[in-house]
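Chemist: What follows is a predicted structure for the sequence shown.
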Amino acid sequence: MPSERRLHPYSLLFGLGKELRQFLIPGLVVLVTAGTAGGDWQAWTLLFLIPYGAAVAIRYAAFRYRYEERELVIRTGFIFRNERHIPYARVQNINAVQNVLHRMLGVVDVHIETGSGQEPEAKMSVLPLDALEEMRRRVLGDRGETAAGSGEAVAQGETALQLLHLSPRELALSGFIDNRGLVVVGAAFGVLYELGLIDGLVNRLVGEQDSGRGLVRQILRSVFAGGSLPIGRIMLMLGAFAAFLGLMRLLSMIWAVIRLYGFTITRAGDDLRTEFGLLTRVATTIPVRRIQTLTVRDGPLHRLFGRVSVRVDTAGGDHKEQGVTQREWLAPILPRADLDTFLRRVQPELDLPAVAWRGVAPRAARRAFVRATVVVSVIALPFWLWPSWWDVAVWVAMIGWAAVVARKTVKHLGWSTTGNAVWYRSGWIWRQMSVARFAKIQVVAMHESPFDRRTHMRRVRVDTAGAGDASHHIHIPYLPRETAIDLYDALAASAGGTAFKW
């Protein structure tokens, strides 16, 4: 019987730290207020931490794992024992997460993912670095086969091929485009709220509410009571808002550089390995054959700077573990000119320049416009109870905008099929393009609503195992009925005639 292995002894330290974080704020409050409440009995409540420390020690002592010939076996529990067998062939990703303390102590958190659900199949906190390398070698060691036709894939034992390395400048540009500064601002807002400083900050921006001199009240008074508009304060507020937007962009850039510092993706055999992070270092492994759908995202700022983002969906990859969600982004930012080369290195059978895009039915724009008009009219219905020339003007402007959006949206809809994949693109302002190989298709469906029957159209839906709520689904609308039937038959035959591979 193969020998069993244990977690690193530092697991006790990290496990206890995880429990202490839950009691950090309450514990500080107890210690600070213990002497001011007329006694010291509150401090004794901290003794309740002892059972949590004992639980950490028991979990560490009970955790064992071993390598069988074809599977990883994990055993936990003393009284209620659990034993999990994870076949190597089912493992999709082995993700490693290191914060600053992990790197100082030379250990790592390891998450093993399969396609069985939204949570990692196993979490190991913590392992020494050499144990992580051994796990990768044993579990992923049989994946050294070279991808057919790539000419650049690396066989097992050879040096990994670097596909992408992002400089701090590119990461800052990625943060500017994505604008994730609101996450930092939200965290700061929560801290200010807990400290009771929000009221004072709001009063400085909009004026003293209790005295009736607030900016919002002055604007409402000028509109409904005929008073004068506070132009100076409005300009000050607009300037503060513009500064706030600029601050969010700056924070997003800083956050992207810290979170994705040193972003590098390499290909070793059939595996894509990604490493990134300044404070918390994350290393992920994505087997190429596990990729279900590949999506290219292209927003207004992407086009302004000549960049795109590339995302992949894998089965069971919709969980929110720290560091794991980022693995779905194969390239947070990539020069548009390098997109075709990058896709060929990831999946050599994808030939983007050879894709012949086809549009949808000619009457699709009319249907989209009618639907938008109905929505706008329903929204504006309450204002028609007391109509005015201003209400009519706004409604006409909204109808005109709906016409523009419908025409542009339908114009940028497109689909295509190549020898082994189906392609779909959508979006006017924020554009997305997805591709799914026939071997990854799980469901092909054709839908026909009453409106579709009236206009002789149908919708074709293609689903894969890795599609999540945030994924760009390959749902092709507004297809002529004959075209939809032909596409459905072709996809069903191709997917049915191809062996599904996890």
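Modeler: Right, received. Where do you want to start?
Chemist: doesn't Arg458 make contact with Leu487?
Modeler: No: when contacts are counted by Cβ atoms under 8 Å, Leu487 is not listed as touching Arg458 (9.2 Å). C-beta coordinates here come from the backbone N, C-alpha and C atoms, glycine included.
Chemist: Give the residues shared as contacts by the two.
Modeler: By Cβ atoms under 8 Å, 6 or more residues apart in numbering, Leu487 and Arg458 have these common neighbours: Leu479.
Chemist: Which of the two has more residues huddled nearby?
Modeler: More crowded of Leu487 and Arg458, by other Cβ atoms under 10 Å: Arg458, with 24 against 21.
Chemist: where's the more buried one relative to Pro477, distance?
Modeler: 9 Å (Cβ to Cβ, to the nearest Å).
Chemist: and the helix ranked longest in the chain, average pLDDT?
Modeler: Longest helix in the chain, counting residues (DSSP state H): helix 231-260. The average pLDDT for helix 231-260 rounds to 83.
Chemist: go on, stretch 457-470?
Modeler: 83.
Chemist: what about it, start to end distance?
Modeler: 27 Å (Cα to Cα, to the nearest Å).
Chemist: From the chain's centroid, how far away is that stretch?
Modeler: Centroid separation between stretch 457-470 and its chain, computed with Cα atoms, centre = their mean, to the nearest Å, is 18 Å.
Chemist: Spit out the contact partners of the spatially closest residue to Arg437 that is not a sequence neighbour.
Modeler: In this structure, Arg437 finds its nearest non-sequential neighbour in Ala421, 4.7 Å apart by Cβ to Cβ, 6 or more residues apart in numbering. Ala421 makes contact with 349-350, 435-438, according to Cβ under 8 Å, 6+ apart.
Chemist: ditto for Arg6
Modeler: 60, 63-64.
Chemist: hmm, 10 Å instead?
Modeler: By Cβ atoms under 10 Å, 6 or more residues apart in numbering, Arg6 lies in contact with 60-65, 127, 131.
Chemist: Against Glu113, how distant is it?
Modeler: From Arg6 to Glu113 the distance is 22 Å (Cβ to Cβ).
Chemist: repeat for Tyr67
Modeler: 18 Å.
Chemist: Give me the more crowded residue out of these two.
Modeler: Glu113 (28 against 17).
Chemist: Could you tell me which residues touch both of Arg458 and Pro477?
Modeler: 361, 447, 449, 452, 484.
Chemist: Out of the residues you listed, give me the two with the largest separation.
Modeler: Ala361 and His447 (14.5 Å; Cβ to Cβ).
Chemist: how about the strands of the stretch 351-500 of the chain, start to end?
Modeler: 414-417, 421-426, 431-437, 441-447, 457-464, 474-480 (DSSP state E, counting those that start in this stretch).
Chemist: Save those as a markdown table, and put in distance to Ala172 too.
Modeler: Supplementary listing: the strands of the stretch 351-500 of the chain in a markdown table, determined by distance: least, Cβ to Cβ, whole Å:
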| stretch | distance to Ala172 |
| --- | --- |
| strand 414-417 | 32 |
| strand 421-426 | 28 |
| strand 431-437 | 23 |
| strand 441-447 | 38 |
| strand 457-464 | 33 |
| strand 474-480 | 33 |
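Chemist: Break the chain down into its domains, please.
Modeler: 11-140, 177-259 (automatic domain parsing).
Chemist: Let's verify Leu350: helix, strand, or coil?
Modeler: Secondary structure, DSSP: H, G, I helix; E, B strand; the rest coil: Leu350 is coil.
Chemist: Just to check, it is in contact with Val422?
Modeler: No: Leu350 lies out of contact with Val422 (Cβ atoms under 10 Å); the separation is 11.6 Å.
Chemist: Could you check which of these two is surrounded by more residues?
Modeler: Val422 (24 against 20).
Chemist: Check the spacing between that one and Tyr488 real quick.
Modeler: 11 Å.
Chemist: between these two, what contacts are shared?
Modeler: 444, 460, 462, 476.
Chemist: Does Met104 belong to a helix, a strand or coil?
Modeler: Once three-state DSSP is applied, Met104 turns out helix.
Chemist: how much space is there between it and Glu19?
Modeler: 21 Å.
Chemist: okay, these two: which has more neighbours?
Modeler: The neighbour count for Met104 versus Glu19, taken as other Cβ under 10 Å, is higher for Glu19 (14 against 9).
Chemist: Now do the end-to-end distance for stretch 84-94.
Modeler: OK, stretch 84-94 end separation, Cα to Cα: 17 Å.
Chemist: in it, what's buried?
Modeler: By 16 or more other Cβ atoms under 10 Å, the buried positions in stretch 84-94 come out as 86, 88, 90-94.
Chemist: Next: stretch 289-299.
Modeler: Buried, per 16+ other Cβ under 10 Å, within stretch 289-299: 289-299.
Chemist: Leu164 should be in a strand, yeah?
Modeler: Yes: counting by three-state DSSP, Leu164 is part of a strand.
Chemist: so it sits right up against Thr274, yeah?
Modeler: Yes: with contact defined as Cβ under 10 Å, Leu164 counts as touching Thr274 (9.1 Å).
Chemist: Overlap in contacts, the two.
Modeler: 263-266, 330-331.
Chemist: And the strands in the stretch 1-150 of the chain?
Modeler: 64-67, 71-76, 82-87, 93-98, 107-113, 122-128.
Chemist: before we move on, the earlier item: which of the domains of the chain has the lowest mean pLDDT?
Modeler: domain 177-259 (a mean of 66).
Chemist: Ile291 pairs with what?
Modeler: Thr314 (DSSP bridges).
Chemist: Give me the pLDDT value at it.
Modeler: At Ile291, pLDDT is 86.
Chemist: who touches it in this structure?
Modeler: Neighbours of Ile291 in contact, by Cβ under 10 Å, 6+ apart: 92, 272, 312-315, 317, 330, 346-347, 435-437, 440, 464, 466.
Chemist: Over to Leu339?
Modeler: 296, 298, 307-308, 310, 331, 352, 433.
Chemist: Now render these as CSV, adding pLDDT and distance to Asp340.
Modeler: What follows is the contacts of Leu339, written out as CSV (pLDDT from 0 to 100; distance: Cβ to Cβ, whole Å):
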residue, pLDDT, distance to Asp340
Val296, 95, 11
Asp298, 93, 14
Arg307, 96, 14
Val308, 96, 11
Val310, 95, 12
Ala331, 92, 13
Leu352, 90, 5
Met433, 96, 12
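Chemist: In CSV: these, plus secondary structure and distance to Val396.
Modeler: Formatted as CSV, those follow (DSSP: H, G, I helix; E, B strand; the rest coil; distance: Cβ to Cβ, whole Å):
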residue, secondary structure, distance to Val396
Val296, strand, 37
Asp298, strand, 32
Arg307, strand, 37
Val308, strand, 37
Val310, strand, 41
Ala331, strand, 43
Leu352, helix, 42
Met433, strand, 34
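Chemist: Tell me the one among these nearest to Arg366.
Modeler: Met433 (25.0 Å).
Chemist: can you pull the contacts of the residue lying closest to that closest one once chain neighbours are set aside?
Modeler: Distance criterion Cβ to Cβ, 6+ apart; nearest residue to Met433, sequence neighbours excluded, is Arg425 at 4.1 Å. Residues in contact with Arg425 (Cβ under 10 Å, 6+ apart) are 295-296, 298, 355, 357, 412-416, 431-435, 472, 474, 476.
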